[in-house]
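K.L.:
Pasted the sequence and its predicted model underneath.
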Amino acid sequence: MEMITVRGLRKVYGDGREALCGIDLEIGEGMLGVLGPNGAGKTTLLSILVLALEPTEGERVYAGLDPRDSASRAAIRRMIGYLPQDFRPLGELTAREYLAHCAALREIPLRRRALRERIDLLLEAVGLHEAASRRSGTYSGGMRRRLGIAQALIHSPRLVVVDEPTAGLDPEERIRFRTVITEVAEETAVLLSTHIVEDVEATCERIVVVAGGSVLFDDAPTALMHLALGRLWAVEAAAAPEGLLIVSRRVEDEQQWLIVAADERPVNSSPHDDVTLEEAYATFLLHRGFAPSTETT
């Protein structure tokens, strides 16, 4: 069942910048990964989806509800939990106090004991139960993100929207956060927006690529990887000619190899068929004129 249907979504800011250029998208159950380089329009799209920003044009329908109707907007907000990129809890409150505060703001109809049990359950689920009595202002970046997931789930939403959740985290915290969000997706639909391919590679059965304010791809990760076949080549770094678009680097048998994107086979190269999702994503953007985090020699 489709939870959100978006048609012809455009957003033009006051300075004339067009952040979204007519997006069509359907969001249903499961875990959807939204990939795109910085400045692609992902955060604008998410802000519109969670009703924090109004589009210039286009329509949004949420399980049959139209947000242009004021009564429907309240019902739609109850359907969605949101973890923004710049999430910061009230630092003087403990995790328990902060979640109780969020529950009060959202007018959750639970008695005190039932609410306390729900808060404890959420803190356990996100790995913060032992730190529940500490002020959230003392938390690490990863702990704050996990508390952000708990606040997004406090009102039992049907969809959780997460924006750049692991940016700036160390590798251990990134892995821990991905584990938490995967467990959340077993119970609740999740939309995960990021520019970090690893965040969606092991968790999302469907990915959407957004660049230049448009949806360029909407399919399974394996379909994106299939598009890269025949466009990637392995070149020994020591023998690489200049001007190659480097997608990744690999070391095998103490030799460094460059994985490069090209429509024609470069000199001194061999076909690269062991394609990763990150390599496929970078290649896809390059062939459409967008620059991911690649290098040139």
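P.N.:
Good, I have the coordinates.

K.L.:
for whichever strand or helix holds residue 44, the distance to its chain's centre please.
P.N.:
Assigned by DSSP states H and E, residue 44 belongs to helix 42-49. Taking the mean of its C-alpha atoms, helix 42-49 sits 11 Å from the chain's own mean (Cα atoms, centre = their mean, to the nearest Å).

K.L.:
Ok, stretch 278-289 next?
P.N.:
18 Å.

K.L.:
can you give me the helices for the stretch 101-250 of the chain?
P.N.:
For the stretch 101-250 of the chain, the helices defined by DSSP state H, counting those that start in this stretch cover 112-125, 141-153, 171-185, 198-201, 221-228.

K.L.:
just to revisit the earlier point, and the helix holding residue 44, average pLDDT?
P.N.:
For helix 42-49, mean pLDDT rounds to 94.

K.L.:
which helices and strands does that helix pack with?
P.N.:
Applying 3 or more Cβ pairs under 8 Å, 6 or more residues apart in numbering; DSSP states H and E, we find helix 42-49 packed against strand 4-12, strand 18-27, strand 31-35, strand 159-163, strand 189-194. For every residue, glycine as well, the C-beta is placed using N, CA and C.

K.L.:
same thing but at 10 Å, please
P.N.:
Counting contacts by 3 or more Cβ pairs under 10 Å, 6 or more residues apart in numbering; DSSP states H and E, helix 42-49 is packed against strand 4-12, strand 18-27, strand 31-35, strand 57-62, strand 80-83, strand 159-163, strand 189-194, strand 206-211.

K.L.:
And the lowest mean pLDDT element among the helices and strands of the chain?
P.N.:
Taking mean pLDDT, DSSP states H and E as the measure, the chain has strand 295-296 as its least confident helix or strand, at a mean of 38.

K.L.:
Strand 57-62 and the helix holding residue 44, what's the angle between them?
P.N.:
For helix 42-49 against strand 57-62, the angle by axes from the mean of the first three to the mean of the last three Cα atoms, to 10 degrees is 60 degrees.

K.L.:
on that earlier part again, nearest to residue 211, of the helices of the stretch 101-250 of the chain?
P.N.:
Residue 211 sits nearest to helix 221-228 of all the helices of the stretch 101-250 of the chain, at 13.1 Å, using Cβ to Cβ.

K.L.:
related to what we said a few turns ago, single out the most deeply packed of the helices of the stretch 101-250 of the chain.
P.N.:
Highest mean neighbour count among the helices of the stretch 101-250 of the chain (mean count of other Cβ atoms under 10 Å): helix 141-153, with a mean of 23.

K.L.:
Tell me the gap between that one and the middle of its chain.
P.N.:
Distance of helix 141-153 from its chain centroid, counting by Cα atoms, centre = their mean, is 15 Å.

K.L.:
what separates the spatially closest residue to residue 7 that is not a sequence neighbour from residue 214, distance-wise?
P.N.:
Leaving aside its chain neighbours, residue 7 sits nearest to residue 59 (5.2 Å; criterion: Cβ to Cβ, 6 or more residues apart in numbering). Between residue 59 and residue 214 the computed distance is 17 Å (Cβ to Cβ, to the nearest Å).

K.L.:
of these two, who's got more company?
P.N.:
Comparing residue 59 with residue 214 by other Cβ atoms under 10 Å, the one with more neighbours is residue 214, at 16 against 13.

K.L.:
residues contacting the more buried one?
P.N.:
Counting by Cβ atoms under 10 Å, 6 or more residues apart in numbering, residue 214 makes contact with 20, 21, 22, 23, 24, 36, 40, 41, 288.

K.L.:
For it, give the beta-bridge partners.
P.N.:
residue 211 (DSSP bridges).

K.L.:
wait, what's in contact with residue 119?
P.N.:
If you count contacts by Cβ under 10 Å, 6+ apart, residue 119 has them with 95, 96, 97, 98, 99, 100, 102, 103, 110, 132, 150, 154.
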